[in-house]
Structures are given as C-alpha cells and as structure tokens.
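**Student:** sequence plus the predicted model coming up.
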Amino acid sequence: MTQKIGSVGLRRWTLALFASAAMVVVGGSHALATTLQDSVYGAIETNPEIDIVKTSRRAIDQELRQARAGYLPSLDFRGAAGPEWSDNNTTRAADSDNTRFRTEAQLTLSQMLFDGYATQSEVERQQARIDSAAHRVEEAAEFIALNAIEAHLDILRNQEIVRFNEANIAQHERILGQVRDLEEGGRGDIGDVRQTESRLARAFDTLAVSRGALADAIARYQRVVGARPGDLEDAEAPIAALPPSPEDAANLASVNSPTVRIAAADTDVAGAEIRASRSGFYPRFDVELGAGLNRNIDGAQGRDNDASGLLVMRYNLYRGGADMALEREAFHRANEARASLDNTRRLAEQEARISYNALQTATARREALTQKEEAQRRTRDIYAEQFEVGTRQLLDLLDGENELFLNRVELVTAVYTERFAAYRVLAVVGELLNALEVVRPRETISIHRTLESLQTPEAVEDKTAPLANPRAEPRPLRGVERGEPSSDALDMAPMINRPSSPAATGAALPVEPATDMADVPAAADIVSELDATSPADAAPTVLAVTDSEQLALEPVSRVQSTPTARTTFSPRSTRVNQADAPAYESFGQFVDSLFGRSRTTD
C-alpha cells in the first residue's frame with residue numbers, strides 16, 4: 001500500500017514537472033520580457049529598424065574592403081581567337097592569302113605605385129562612413145530603447161487605469177445596494193435608484209474603453225519588442241543619471257547625442273572627398289608586367305610572343321578645368337556638411353531643453369495631482385458618512401466618487417509621464433542605454449577609429465566652424481597691368497558708344513562726350529582725353545531708341561520745345577534747373593502732364 005502511494009506520488013510529481021516545463025516553453029515564446037531592461041533588450045535584438053541600420057553598417061564594411069583593394073596588384077588574362085584579314089607589307093611580300101586564323105593569350109600584372117592619394121583618400125572616406133554608420137546604429141538603439149520603454153510604461157499605466165475602473169464599478173455597486181435598501185425601507189426615492197444605475201452603466205462603459213486602450217498598448221508593445229508582454233515589472237526612472245539643469249542637458253546633447261556624432265562623422269567624409277578631389281593634379285605611376293603568346297598576328301604566319309616590364313606614368317595636362325571645379329565642389333560640400341552639423345547641434349539642444357522642460361512640468365503636475373487626489377479622497381469619505389446619516393444628497397456622493405476616479409486616472413498618467421520624460425532626456429543626450437546598463441549592438445563598434453577620428457566634444461566644436469580656402473573660388477586678375485580696374489575707377493558703361501540701329505527701330509538719341517563729369521576728380525583724366533580726341537564741332541553720337549522709350553520721351557520734349565515727328569534727345573539739353581522746373585499743385589496734375597491730358601479745376 002505504501003509502495004502504491006509512493007508510485008502515485010512519484011507519477012504526480014513527474015506530471016507536474018513536465019507541465020511546468022511545458023509552461024516555461026510556451027510562456028517563453030509569448031512573453032519575452034518582464035523587467036524594463038528585458039523589454040529594451042528584446043527590442044534591440046528583434047526590432048527590424050535596428051536590423052536596417054545594422055545591415056547598412058555591414059555593407060559599408062565591404063565598401064571599405066573595395067577601397068583597400070586599390071593598394072593591391074591587379075592580374076588580368078585576355079584570350080582571343082578568330083580569323084583576321086590583313087593587307088600590309090608582310091602579306092604583300094609573301095604573296096599569299098591575306099586571311100589567317102589569329103590567336104592571342106595575354107597575362108598582365110599591374111601594381112599602383114602612386115595615384116595622387118586617391119586610394120588613400122577613398123579608404124579614409126569609407127572609414128569615416130563606417131564611423132557614421134556605427135553612430136547611426138547607436139542612434140537607432142537609443143530611440144528604439146526609448147520606444148520600448150514607452151510601450152512598457154504605457155501598458156503599466158493602462159493596467160492601473162483598468163484597476164481604477166474596476167474599483168469604481170465596485171464602489172457604484174455598493175452605493176446602488178445602499179440606495180435600493182433605502183428605497184425598499186421607504187426612506188429613499190426610486191429616482192435615486194435610477195440615477196445610481198445610470199452612473200453604474202457609465203462606469204462599465206469607461207471600463208470597456210480602458211480595456212480597449214490596454215489592448216492597443218499591448219499591440220504597440222508587440223510591434224516594438226516583438227513578443228507579447230508577460231507580467232511587466234515597474235521600475236523607477238534613474239533620476240541620478242539626469243543632467244542637473246536644462247542648459248546642462250543641452251550642452252551635453254550638442255556634443256554627445258548620436259545624431260550629432262553622425263553629422264560630425266559626415267564632415268569627416270566630406271574632408272576625405274576634398275583630398276580625393278585633388279588627385280587629378282598629380283601624375284599616376286603604375287608597374288605593368290605582361291606576357292603574350294600570340295600566333296598569326298597582323299598577317300605574319302607563326303608565333304609572335306612577347307614579354308614586358310614597364311613603369312608607366314599617366315598625367316593629364318588639361319581637362320577643361322574639371323579638376324579645379326571638382327575641388328571647389330568638394331570644398332563647398334564640406335562646408336555644407338559643417339553647416340548641417342551646426343544645425344543638428346542646435347536641434348539637439350532644442351530637443352534637450354524641451355525634454356527637460358517636459359520633465360519639470362510632469363514633476364510639478366504629479367505633485368499637484370497627488371495633493372488633489374488626497375483632498376478629493378477625504379471629501380468622498382466625508383460625503384459617504386453624511387449620506388449614511390441622511391445629511392448629504394445622493395447626487396453629491398456620486399459626483400464625489402466620479403471626481404475621485406478622474407483624479408486617480410490623472411495622477412497615474414502624470415506619474416508615468418514623469419518617468420517617461422526622464423528616460424526621454426537620457427535618450428536625447430545619448431545616455432539612455434548607459435543608464436539602463438544595456439549593452440549596445442556590436443555594430444556600434446568601429447575597429448577603424450583612431451584617437452584623431454573620435455568624435456570628442458572638442459572635435460565636434462572644431463568641425464562646426466566653416467572652412468576657408470582661397471582656392472575654392474576662381475582667382476580674379478591681380479594688378480592694373482593685367483586688366484584689373486583701378487581701385488578708384490568708375491563704372492563707364494553708360495558712356496561707351498554703341499553702333500546705331502536702323503531708323504525703323506525707333507528714333508535716334510544723340511550722346512555727347514562726358515565732359516559733364518569734369519568736376520569728378522577720379523574721372524578728370526578720362527574726360528580730358530575724351531575732349532582732346534573729339535573735335536569741337538563733332539556731331540553727337542547717335543543711339544537707337546525703341547518705340548517705348550520714344551513714347552516715354554514725348555512728354556519731356558513737349559515741355560521743352562515744339563514736338564516734332566522724330567526728336568533728337570541730348571542728355572545735356574534735358575537738364576533743367578530746379579528754379580525752371582514746372583510746379584505741380586497735385587500728383588494728378590503731374591500724371592496729366594505725362595499723358596497729355598488737361599485737368600480742369602472748378
């Protein structure tokens with residue numbers, strides 16, 4: 001009998017053990033995370049947004065290998081076979097068929113010795129791109145972690161709200177029981193019963209809404225983390241890791257934010273492109289070793305083998321200014337990257353200040369709502385006691401219960417908003433994963449970083465300043481003897497004579513020499529030369545006037561003299577002293593004089 005009991009007990013323990021193992025396996029596939037750190041780690045490991053930047057980083061690693069291949073030799077083989085027709089001295093001397101079957105086999109080994117630092121610059125550019133991609137992985141990890149924290153806290157907040165709704169329903173059911181007892185005992189009114197039933201129905205409606213919000217929060221958690229949440233644990237925000245003030249947070253974000261480091265690495269990419277753009281100014285040297293096994297080449301029957309070892313120099317002498325334009329383009333691209341870095345730093349500072357302000361606002365609201373909830377709870381208790389003794393109306397009690405419920409919902413929302421705001425500040429300044437002690441993805445590590453390429457605060461400050469390079473713009477002429485105007489030269493374009501146009505294009509304007517400018521010291525020499533070279537009775541030079549210009553000049557000629565069909569206009573003759581200028585009583589008289597209409601006045 002004892003053995004049977006023992007075997008049955010052993011069987012029961014075995015079944016319980018298997019059931020526990022099955023629950024662990026099944027539960028593990030559906031509930032990956034319990035603590036806040038587990039949620040963050042699960043999101044970083046499974047979120048596809050992280051995978052996108054990870055694979056991009058790995059692809060750039062291969063681009064670096066392609067760039068380094070420029071240092072290594074290149075081995076090429078060429079083989080060809082086919083008929084060849086030739087008509088040259090060899091075929092004519094042999095007096096034979098001009099068509100032969102040609103075969104070629106060539107092996108060439110080339111090694112770059114110097115290419116104007118093009119390969120070196122390309123390697124440096126790809127290393128800077130790897131650095132930028134690594135910081136991009138870090139940025140994605142920080143903000144995916146923040147999304148996981150938000151989803152985690154949102155579930156906890158909605159679970160609290162659901163519990164508040166359930167407690168609110170239980171409280172209304174208790175009040176409804178009291179009101180029914182009063183109504184059955186003749187001390188209550190049926191209207192109070194119906195009013196309480198209405199409030200209870202509204203409480204059930206609010207519970208349904210809160211459960212729907214909880215289901216939505218669970219769906220967002222599954223999207224971010226990649227697993228259905230289990231029993232999530234609450235955690236306090238790491239307040240000790242926060243910067244002490246909004247300005248401290250802004251200063252830290254401007255040099256430590258992953259987004260800022262991405263922009264700083266992009267300036268390194270642009271700097272390498274500047275160095276690569278100057279490779280066209282240098283010659284290129286290669287060593288080329290080749291051997292060929294050929295037959296029936298150019299009509300010569302038989303073997304034609306050769307081997308060579310050459311030092312080859314290639315140097316472009318002129319390319320239409322493309323190399324200089326390429327250097328200037330790279331220079332401006334570098335300044336574009338630096339301006340983008342400056343803009344990114346300002347945005348990071350703004351985001352840090354806004355996040356810190358949101359944290360302070362949430363803290364103040366949480367403190368105020370805590371006091372409000374405590375005061376409302378005491379009010380509700382007093383209303384309940386007064387209602388039991390008959391000195392308080394039912395409506396006051398129901399309103400007090402509803403107000404207490406709303407205050408509790410506001411308070412729990414403020415509490416979790418404050419916690420999330422703290423995590424948001426840490427994410428903006430780039431310290432969220434450090435504060436949570438969560439390991440970053442290994443793609444954030446770049447083995448190619450040196451002390452010089454680290455994005456330190458000092459380096460970020462230096463890379464924000466724009467570059468200044470005199471070779472970035474075309475150089476102007478230097479000196480008067482090379483055609484550059486003197487420093488006191490005037491714009492003489494209006495005094496340059498132009499050829500006359502046919503009369504059909506309009507009337508002609510005479511232009512006299514510019515002797516009117518003799519009183520200008522800088523133009524005295526020019527005016528004297530014009531007077532010496534122009535005869536005293538020389539006719540004025542004629543310029544063509546368009547029809548629109550002639551129409552505009554007609555009112556002026558009407559004021560000075562009798563109008564003619566074609567009027568010659570002299571700049572000197574149109575000058576009117578201020579004393580001789582016609583006076584107008586109003587702006588309307590001036591317009592009428594221009595358009596030839598007489599204005600009558602009463």
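**Tutor:** Cool, got the structure.
**Student:** just checking, residue 147 touches residue 226?
**Tutor:** No - counting by Cβ atoms under 8 Å, residue 147 does not reach residue 226; the two are 11.9 Å apart. (Glycine included, C-beta is placed from N, CA and C.)
**Student:** what do these two both touch?
**Tutor:** Shared contacts of residue 147 and residue 226, defined by Cβ atoms under 8 Å, 6 or more residues apart in numbering, are found at residue 43.
**Student:** so for those two, which sits in the more crowded spot?
**Tutor:** residue 147 (20 against 16; other Cβ atoms under 10 Å).
**Student:** quick one: pLDDT of the more buried one?
**Tutor:** Here, the pLDDT recorded for residue 147 equals 95.
**Student:** for residue 320, see how far away the residue nearest to it when sequence neighbours are not counted is.
**Tutor:** Once flanking residues are discounted, residue 147 sits nearest to residue 224: 4.9 Å by Cβ to Cβ, 6 or more residues apart in numbering. Residue 224 sits 55 Å away from residue 320, going by Cβ to Cβ, to the nearest Å.
**Student:** so between the two, which is more surrounded?
**Tutor:** Under the criterion of other Cβ under 10 Å, the comparison of residue 224 against residue 320 puts residue 224 first, with 24 against 7.
**Student:** for the host helix or strand of the more buried one, give the mean pLDDT please.
**Tutor:** Using DSSP states H and E, residue 224 sits within helix 190-225. The average pLDDT within helix 190-225 is 92.
**Student:** in it, what counts as buried?
**Tutor:** 192-193, 195-196, 199-200, 203, 206-207, 210, 214, 217-218, 221, 224-225 (16 or more other Cβ atoms under 10 Å).
**Student:** how far does it sit from the chain's center?
**Tutor:** 42 Å (Cα atoms, centre = their mean, to the nearest Å).
**Student:** that one - contacts with which helices or strands?
**Tutor:** If you count contacts as 3 or more Cβ pairs under 8 Å, 6 or more residues apart in numbering; DSSP states H and E, helix 190-225 packs onto helix 36-46, helix 118-184, helix 394-428.
**Student:** how far does the first one sit from the chain's center?
**Tutor:** Right, the one you point to is helix 36-46. With Cα atoms, centre = their mean, you get 27 Å for helix 36-46.
**Student:** equivalent analysis for the last one, please.
**Tutor:** Shown here is helix 394-428, whose average C-alpha point lies 36 Å from the average C-alpha point of the whole chain (Cα atoms, centre = their mean).
**Student:** how about that helix: buried residues?
**Tutor:** So, applying 16+ other Cβ under 10 Å, buried residues of helix 394-428: 394, 397-398, 400-405, 407-428.
**Student:** which phi and psi does residue 74 have?
**Tutor:** With angles defined as degrees, to the nearest 10, residue 74 sits at phi -120, psi 130.
**Student:** rewinding a little: the helix holding residue 224 to helix 394-428, inter-axis angle?
**Tutor:** Angle, helix 190-225 to helix 394-428, by axes from the mean of the first three to the mean of the last three Cα atoms, to 10 degrees: 10 degrees.
**Student:** now residue 345: closest residue in space, sequence neighbours ignored.
**Tutor:** Once flanking residues are discounted, residue 345 sits nearest to residue 254: 4.4 Å by Cβ to Cβ, 6+ apart.
**Student:** list the contacts of the strand or helix carrying that neighbour.
**Tutor:** Residue 254 is part of helix 246-256 when elements are defined by DSSP H and E. Contacts to helix 246-256, defined as Cβ under 8 Å, 6+ apart, come from residues 242-243, 260, 345-346, 348-353, 355-357, 360, 425, 428-431, 456-457, 460-461.
**Student:** mind checking how far stretch 443-460 is from the chain centre?
**Tutor:** Computed by Cα atoms, centre = their mean, the chain-centroid distance of stretch 443-460 equals 21 Å.
**Student:** put the alpha carbons of it into PDB.
**Tutor:** Written as PDB, here are the backbone C-alpha positions of stretch 443-460 (Å, rounded to 0.1, in the frame of the first residue of the first chain):
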ATOM      1  CA  GLU A 443      27.800  47.200 -34.900                       C
ATOM      2  CA  THR A 444      28.200  50.400 -32.900                       C
ATOM      3  CA  ILE A 445      31.900  49.500 -32.500                       C
ATOM      4  CA  SER A 446      34.300  50.600 -35.200                       C
ATOM      5  CA  ILE A 447      37.800  49.000 -35.200                       C
ATOM      6  CA  HIS A 448      39.000  51.600 -37.600                       C
ATOM      7  CA  ARG A 449      38.600  54.500 -35.100                       C
ATOM      8  CA  THR A 450      41.700  56.200 -34.000                       C
ATOM      9  CA  LEU A 451      42.300  58.900 -31.400                       C
ATOM     10  CA  GLU A 452      42.200  61.500 -34.100                       C
ATOM     11  CA  SER A 453      38.800  60.300 -35.500                       C
ATOM     12  CA  LEU A 454      37.000  60.100 -32.200                       C
ATOM     13  CA  GLN A 455      34.000  62.400 -32.100                       C
ATOM     14  CA  THR A 456      35.100  64.100 -28.800                       C
ATOM     15  CA  PRO A 457      33.400  67.400 -27.700                       C
ATOM     16  CA  GLU A 458      36.500  69.300 -28.800                       C
ATOM     17  CA  ALA A 459      36.400  67.700 -32.300                       C
ATOM     18  CA  VAL A 460      32.700  68.400 -32.700                       C
END
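**Student:** confirm residue 111 sits in a helix?
**Tutor:** No - counting by DSSP: H, G, I helix; E, B strand; the rest coil, residue 111 is not part of a helix but strand.
**Student:** so how far is residue 309 from it?
**Tutor:** 11 Å.
**Student:** common neighbours of the two, please.
**Tutor:** 287, 288.
**Student:** of these two, who's got more company?
**Tutor:** residue 111 (14 against 10).
**Student:** in contact with that one, which residues?
**Tutor:** So residue 111 contacts 73, 74, 286, 287, 288 (Cβ under 8 Å, 6+ apart).
**Student:** cool, residue 295 as well?
**Tutor:** 102, 103, 302, 303, 304.
**Student:** flag whichever of the residues you listed scores worst on pLDDT.
**Tutor:** For those, the pLDDT minimum is residue 302, 83.
**Student:** below-threshold pLDDT in the stretch 1-150 of the chain: ranges please.
**Tutor:** 1-33, 95-96 (pLDDT under 70).
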